[in-house]
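S.K.: Give me coordinates for this.
(one chain, ligands or ions: 1)
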Amino acid sequence: MPNMEKLNEIIKKLQKIMRIQDYDIELKSIDQYRMKHEGNDSDFSTVMLTETDVRKNNAIIFINKDHPVLEKEWYLCLVHELYHIVSARYRYISDRFANTDLTELLETEKENLVEHLAKIFISIYPESKIMED
Ligand SMILES: [Zn+2]
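M.R.: Just a heads-up that it's a prediction; the model follows:
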């Protein structure tokens, strides 16, 4: 995985392509213990996690810095997190159904959709293409 400075450059490029330039995105590299306590759905094995504020147009992407998956799949993971920002309004609305029968269904559907889009994205814009220009 590139260093944080390079990752920030890559995020800027990806933001343009994904039309989310209006978001301020902060990266935070944290250890697995902090990752477990950072979000409601996170645990030691969470690779990345994004918190988005749709009213302030900002987001924080937490990276579980020691996670072994990062070496090979950091790019897919990052694109996946950026799609969470793209779809932040969906989450903002679906959160209103938190703690109902719909919670798990909406959550699973959202994760599947975000992962599906991320995989399509990286086939169109592979890591090598993003790194070169
Ligand atoms: Zn996700």
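
S.K.: so what's the closest residue to Leu106 other than its chain neighbours up against?
M.R.: With C-beta to C-beta, 6 or more residues apart in numbering as the criterion, Leu106 has its nearest non-adjacent residue at 4.5 Å, and that residue is Ser94. Every residue, glycine included, has its C-beta placed from N, CA and C. Residues in contact with Ser94 (C-beta atoms under 8 Å, 6 or more residues apart in numbering) are Leu102, Leu106, Glu107, Lys110.

S.K.: Got a PyMOL select line for the buried ones in those?
M.R.: Here is the PyMOL selection string for the buried members of the contacts of Ser94, based on 16 or more other C-beta atoms under 10 Å:
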select buried, resi 106+107+110
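
S.K.: that's a helix at Leu27, yeah?
M.R.: No. Under DSSP: H, G, I helix; E, B strand; the rest coil, Leu27 sits outside any helix and is assigned strand.
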